[in-house]
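Student: model the structure of this input:
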Amino acid sequence: MLKNTPEGILDLLLQLARIPGVSETPDEAEMGRFIHSTLAGEKYFEQKPENLFFEPVPEDPWGRGVVAALVEAAEPTARTVIMTGHYDVVPVDDFGPERELAFSPLEYTRRLTEKELEVEAAEDLASGDYLFGRGVMDMKCGLAAEMTLLSEASSKPAALNANMLFLAVPDEEVNSAGMRAAVPLLIRLREERGLDYRGAVLTEPPNAGAPDSETEVISLGTVGKVMPFFYCVGKGAHVGQYFDGFSAALMSSCCTMKMEANPDFADKVQGETVPPPACLFQRDLRKGYSVTVPDRAAAYFSLLTLDRLPADLMKDLKKAAGQAMADARAHLKSMGETCGGGDGARTKANDEEVLSFEEFASLATKAAGGDIKERVRSLVEGLDPSLDDRDRCLAVVSAMLDWSGIQGPMIIVGFMPPYYPHRTNTRKSPGELRAAAVAERVIQAASESFGEKLETREHFMGICDLSYMGFQGSAFDVFCMAANTPGWGTIYRMALKEIMALDIPAINVGPRGRDPHRPTERLHMPYSFKVFPQLLAEAVHAFGEDD
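Tutor: Below is the predicted model of the structure:
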């Protein structure tokens, strides 16, 4: 039986840390199986195996799955509180020579005493209060606390005021395939077991979502993320006849200048502002070296949201693309006059130089002589399933251009996966008011019982799986996202209809630590093993109470 004590949480954390669990590797699948088998050994689940689940991620090349475990209160009730977290971690290439110790926290912490560290990390190491290693903070401590609390509850179901549902998911660090697979499971359990999801508690380390805070933070919502792309179609020409062509690389560069760090795309809600867009990819799409002016190039961006939704964003993204096209033409005109190339590019403008992917797909279907959805499906099935989803999406657009024969210059604007809807606690619904009240209860408990000062933030800024606990947009936004994402339904799936049907109020409260995703990732043990587990228990209990 797992023990909900500081020693028990540490012991389980070390067991979890020993399995690397790096995203999109066989080790990640092993981590899920370990969590499942550990819970299967608990007396409660030996007696009620029907309450323990391993939900496979659909068509997953690594065999990963969602682990769910339901402990029912002795007094029958529909009220159910969810505890959730992810079990994958980022790679350890940045650990250098110490890579082999990255998943052995005790040994790695001892090894660091021989290394030169940044001042803050060195001071934390010298204090003896910190445990270093990949995943100890983000977020295996949170999972360990959830699992030990679940175990304790399973031995005392008479003390529960609500059912407890534990949910451990893979892939949060990449595409959140785990949480997306968990949504249909949550709907199914709700229908089959008659559950009423009163709230959800995520145990991400607050520092990952509020690194600027001087106190521990409870988040009431989460930032959203979209990935707009600009697929630029130019006209090839030998570099010796440069102005006979139209460089797609120039077009994509102009798109980047319009998007990168643009404050017009930085949402501001309830006094919080997200960072502006950042380019994550920009390159031409040729397969090899050539002295031809590039005729295809692409760029895509991380765009965080607090308020704006896909349908509204698409209008402004197309506007930015139109401005980028105008800038590219103006640049060529100016350079052509300077270099003796006349008015610049000799390529005539199309009637439609900026298209959404949905509009492009409609034109491509007509030009190709019929519905090309089956051709897209066959293309995707033939691609390497381990290929990055963004690369697969670009391959779809390239193939559709080939099949249709549509010519540039043109910029196609759409969305890449993954998509994280933002979640804002507006204090309008009973569930939102309940979540805000739970956060205040936890803050009060931290102050009165431990002398710890906590504060609330409206949004967890680190991007997290709470995005899939509901959707605060319209059906039109759902359609816009689906219609403008290449390979939607084959490359990338999201049960948006089910997400819209959930609307689970949620908070994030987690352990204390520093430097997620860095070789100096570390966990503050006194707070994380003694204070945080009590705050987690308080949050779960408060969510389970009658309104």
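Student: can I get the one helix or strand H36 maps to in CSV, CA atoms only?
Tutor: For H36, the host element (DSSP states H and E) is helix 26-40. Extracted C-alpha coordinates of helix 26-40, given in CSV (Å, rounded to 0.1, in the frame of the first residue of the first chain):
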residue,chain,number,x,y,z
PRO,A,26,8.9,3.5,-25.5
ASP,A,27,9.9,4.6,-21.9
GLU,A,28,6.9,6.9,-21.8
ALA,A,29,4.6,4.0,-22.4
GLU,A,30,6.5,2.0,-19.7
MET,A,31,5.8,4.8,-17.3
GLY,A,32,2.0,4.6,-17.9
ARG,A,33,2.1,0.8,-17.4
PHE,A,34,4.1,1.3,-14.1
ILE,A,35,1.5,3.7,-12.7
HIS,A,36,-1.2,1.3,-13.7
SER,A,37,0.4,-1.8,-12.2
THR,A,38,1.3,0.2,-9.0
LEU,A,39,-2.3,1.1,-8.5
ALA,A,40,-3.5,-2.4,-9.4
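Student: who are the packing partners of that helix?
Tutor: With contacts taken as 3 or more CB pairs under 8 Å, 6 or more residues apart in numbering; DSSP states H and E, helix 26-40 sits against helix 6-18, strand 52-56, strand 65-71, helix 141-155, strand 163-169. The way it works is simple: take the backbone N, C-alpha and C, and place the C-beta from them, glycine included.
Student: so after the last one, what's the next helix or strand?
Tutor: To tie it back to what came earlier, the one meant is strand 163-169. Remark: after strand 163-169, the chain's next helix or strand is helix 177-193, criterion DSSP H and E.
Student: now the helix or strand following that next one: mean pLDDT?
Tutor: Of the helices and strands lying after helix 177-193 in sequence (DSSP H and E), the nearest is strand 196-202. If you average the pLDDT over strand 196-202, you get 98.
Student: any idea which helix or strand comes after strand 196-202?
Tutor: Next in sequence after strand 196-202, counting helices and strands by DSSP H and E, comes helix 206-209.
Student: any buried residues in that next one, and which?
Tutor: Using 16 or more other CB atoms under 10 Å as the test for burial, helix 206-209 gives 206-209.
Student: against which helices or strands is that helix packed?
Tutor: Using 3+ CB pairs under 8 Å, 6+ apart, helix 206-209 sits against strand 216-219.
Student: list the contacts for R190?
Tutor: Counting by CB atoms under 8 Å, 6 or more residues apart in numbering, R190 touches 196-197.
Student: one more pass at 7 Å, please.
Tutor: Y197 (CB atoms under 7 Å, 6 or more residues apart in numbering).
Student: could you measure from it over to T222?
Tutor: Here the criterion is CB to CB, to the nearest Å. By it, R190 lies 21 Å from T222.
Student: repeat that for F471.
Tutor: From F471 across to T222, the span is 12 Å (CB to CB).
Student: please apply the same query to M251.
Tutor: For M251, the distance to T222 equals 34 Å [CB to CB].
Student: ok so, going back, would you format the helices and strands packed on helix 26-40 as CSV with distance to I491, mean neighbour count and mean pLDDT included?
Tutor: Shown next, in CSV, are those (distance: least, CB to CB, whole Å; neighbours: other CB atoms under 10 Å; pLDDT from 0 to 100):
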stretch, distance to I491, mean neighbour count, mean pLDDT
helix 6-18, 31, 19, 98
strand 52-56, 18, 17, 98
strand 65-71, 20, 25, 98
helix 141-155, 29, 25, 98
strand 163-169, 20, 25, 98
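Student: could you export those as CSV, including distance to D391?
Tutor: Formatted as CSV, the helices and strands packed on helix 26-40 follow (distance: least, CB to CB, whole Å):
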stretch, distance to D391
helix 6-18, 31
strand 52-56, 24
strand 65-71, 25
helix 141-155, 31
strand 163-169, 24
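Student: closest to C255 out of those?
Tutor: Among these, strand 163-169 comes nearest to C255, with 33.9 Å by CB to CB.
Student: and that closest one, what does it pack onto?
Tutor: strand 65-71, strand 79-86, helix 141-155, helix 177-193 (3 or more CB pairs under 7 Å, 6 or more residues apart in numbering; DSSP states H and E).
Student: buried residues in the longest one, which are they?
Tutor: Judged by neighbour count (16+ other CB under 10 Å), helix 177-193 contains these buried residues: 177-187, 189-190.
Student: give me the average confidence score over it.
Tutor: Averaged across helix 177-193, the pLDDT comes to 97.
Student: if we can go back for a sec, turn the helices and strands packed on strand 163-169 into JSON lines, columns for distance to S247.
Tutor: As requested, the helices and strands packed on strand 163-169 are exported to JSON lines (distance: least, CB to CB, whole Å):
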{"stretch": "strand 65-71", "distance to S247": "46"}
{"stretch": "strand 79-86", "distance to S247": "42"}
{"stretch": "helix 141-155", "distance to S247": "48"}
{"stretch": "helix 177-193", "distance to S247": "36"}
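Student: list the contacts of T365.
Tutor: Counting by CB under 7 Å, 6+ apart, T365 makes contact with 371-372.
Student: follow-up on the earlier one: what does the helix holding H36 rub up against?
Tutor: Applying CB under 7 Å, 6+ apart, the external contacts of helix 26-40 come out as 19-22, 45, 52, 54, 62-65, 67, 69, 87-88, 147, 168, 170.
Student: please redo it, this time with the cut-off set to 8 Å
Tutor: Helix 26-40 is contacted from outside by 2, 12, 15-16, 19-22, 45-46, 49, 52, 54, 62-67, 69, 87-88, 143, 147, 150, 166, 168, 170-171, using CB under 8 Å, 6+ apart.
Student: all set now, cheers.
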